[in-house]
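Enquirer: mind looking at a prediction? Sequence and model below.
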Amino acid sequence: METKAAGPGAFARFDLNRVPSPCFVVDEAAVRRNLAILKDVGDRAGAKVLLALKAFSMWSLADLVGEYLDGVCASGLWEARLAREHYRGELTTYSPAYRREDLPEILRLSDTVIFNSPDQIARFADLIAAARGQGEVFEIGLRLNPEHSEAEVAKYDPCQMGSRLGFPVSQLRPEHLEGVDGLHIHALCEQGFEPLQRIWASLEPKLGGMLAQVKWLNLGGGHHVTRADYQREDLIAFLARISERHGLEVYLEPGEAIALDAGILVGEILDTFDNALAVAITDISATCHMPDVIEAPYRPAMLDEAEAGVVVRIGGPSCLAGDIIGDYVFQAPPAPGQRIAFLDQAHYSMVKTNTFNGVPLPAIALWNSQTDALRLVRQFDYTDFRDRLS
């Protein structure tokens, strides 16, 4: 995969030495800008927009999110708890499968619970009835697999052969929608408008008259709505057209779009040497701090990378041989103590960090590029590593 980072933006003037290393730095002004774009799309299209916590769950900004969006979506019990503790607005929860012992609390916390198959809904009918009998109010959704692939990388394609995500639309029958209030369709990954349009063109005829049985349609996430080249006017018209044609309330669940180009990961060069090429070890670990670098894989953009000079392979401090971030160009060989930063790291990287090898977690800082105010939100220590173990 190729990085979608648009460039350094305001971080071009941020002093990397203002924060501890390693450290995520999130620009509040950039997040606000993205939220304003998403609110404008929702308002003009008559659609609701929810933040996908799986991509960006920095709850220090929950109040800011609440100023612009209609709510959040969770991927399970713990995210649902986080949503109710810190965020406001609607809460939609979806998981490929639920543990029976978790579902009563999920039903209590959520405004909408989306299931992965009709069999799951039937299997948990007693819990659903019991929750409603206790006065809980919620709606039920069903995730569909449109069986139309648009994702660039197979492992990130919800519609790949044998996918576990969503009920195949080719198997959907009207009786499967009994007791179902809406349909959920998530088939994109970091993509623009045209793939969404093609997915819907493929899916709409397959649904036939069944759309008349439901009240809402959730088009999931993966929409890069806040990217400069996204066809937002086309999206607005598209959402409004679906709503008008089928009498449905339409939802979007962007995650990455909220934090796109809104954060960096600051690190420090710890050591350098030569081994067929120049090698630098940093306190940023791909496997611990940016696992998508290995899983996708992709090469994150580096702040102020030179156009010409010496090529340096940058890797992390863990013992994993594959803990390599990538090869980067420096004007001169970097030296221990030099600060570096990787762009567009607010989404997914922060929520996926781990302490493999006892590698410390990055601190989290909130910066406002308009006022230059900087606040260190969270620092982690040895106890965060120790208390995950036994």
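Expert: Alright, I've got the coordinates.

Enquirer: SS state for residue 269?
Expert: Of the three states, residue 269 takes strand according to DSSP: H, G, I helix; E, B strand; the rest coil.

Enquirer: that one contacts residue 338, doesn't it?
Expert: Yes: contact between residue 269 and residue 338 holds when scored by Cβ atoms under 8 Å: they sit 4.5 Å apart. For glycine as for every other residue, the C-beta is placed from the backbone atoms N, C-alpha and C.

Enquirer: helices along the stretch 201-350 of the chain, start to end?
Expert: Secondary structure of the stretch 201-350 of the chain by DSSP state H, counting those that start in this stretch: the helices cover 232-246, 256-259, 286-289, 292-295.

Enquirer: tabulate these in TSV, adding columns for mean pLDDT.
Expert: Shown next, in TSV, are these (pLDDT from 0 to 100):
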stretch	mean pLDDT
helix 232-246	97
helix 256-259	96
helix 286-289	98
helix 292-295	94
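
Enquirer: of these, which stretch is the most buried?
Expert: helix 256-259 (a mean of 27; mean count of other Cβ atoms under 10 Å).

Enquirer: show residues contacting that one.
Expert: When contacts are defined by Cβ atoms under 8 Å, 6 or more residues apart in numbering, helix 256-259 is touched by residues 26, 31, 34-35, 38, 51, 55-56, 58, 65, 190, 221-227, 346-348.

Enquirer: sitting in strands, which of the residues you listed do you find?
Expert: Using DSSP state E, the members of those that fall within strands are 26, 51.

Enquirer: out of the contacts of helix 256-259, which are buried?
Expert: Applying 16 or more other Cβ atoms under 10 Å to those, the neighbour count classes 26, 31, 34-35, 38, 51, 55-56, 58, 65, 190, 221-227, 346-348 as buried.

Enquirer: before we move on, the earlier item: with neighbour numbers in mind, choose between residue 269 and residue 338.
Expert: Set side by side, residue 269 and residue 338 show more neighbours around residue 269, with 22 against 17, by other Cβ atoms under 10 Å.

Enquirer: out of the helices of the stretch 201-350 of the chain, nearest to residue 388?
Expert: Closest to residue 388 of the helices of the stretch 201-350 of the chain, according to Cβ to Cβ: helix 286-289, at 12.7 Å.

Enquirer: list the contacts of stretch 283-290.
Expert: With Cβ under 8 Å, 6+ apart, stretch 283-290 has contacts from 21-22, 265, 267-268, 270, 293-294, 300, 315-318, 320, 322-325, 340, 342, 345, 349, 352-357, 359-362.

Enquirer: buried among those? Need that as a selection in PyMOL.
Expert: To isolate the buried members of those in PyMOL, using 16+ other Cβ under 10 Å:
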select buried, resi 21+22+265+267+268+270+293+300+315+316+317+318+320+323+324+325+340+342+345+349+353+355+356+359+360+361+362
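
Enquirer: follow-up on the earlier one: now distance to residue 70 too, for the helices of the stretch 201-350 of the chain, in a markdown table please.
Expert: Output for those, formatted as a markdown table (distance: least, Cβ to Cβ, whole Å):
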| stretch | distance to residue 70 |
| --- | --- |
| helix 232-246 | 13 |
| helix 256-259 | 13 |
| helix 286-289 | 31 |
| helix 292-295 | 28 |
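
Enquirer: go through those and name the closest to residue 101.
Expert: helix 292-295 (30.0 Å).

Enquirer: send me that closest one as CSV with only the CA atoms.
Expert: C-alpha atoms of helix 292-295 as CSV (Å, rounded to 0.1, in the frame of the first residue of the first chain):
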residue,chain,number,x,y,z
ASP,A,292,0.5,-1.6,9.7
VAL,A,293,4.0,-0.9,8.3
ILE,A,294,4.6,-4.6,8.5
GLU,A,295,1.0,-5.9,8.1
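
Enquirer: show me what that helix is packed up against.
Expert: Applying 3 or more Cβ pairs under 8 Å, 6 or more residues apart in numbering; DSSP states H and E, we find helix 292-295 packed against helix 286-289.

Enquirer: figure out how far stretch 7-24 is from the centre of its chain.
Expert: Distance of stretch 7-24 from its chain centroid, counting by Cα atoms, centre = their mean, to the nearest Å, is 22 Å.

Enquirer: equivalent analysis for stretch 138-153, please.
Expert: Remark: stretch 138-153 is offset 16 Å from the chain centroid, using Cα atoms, centre = their mean.
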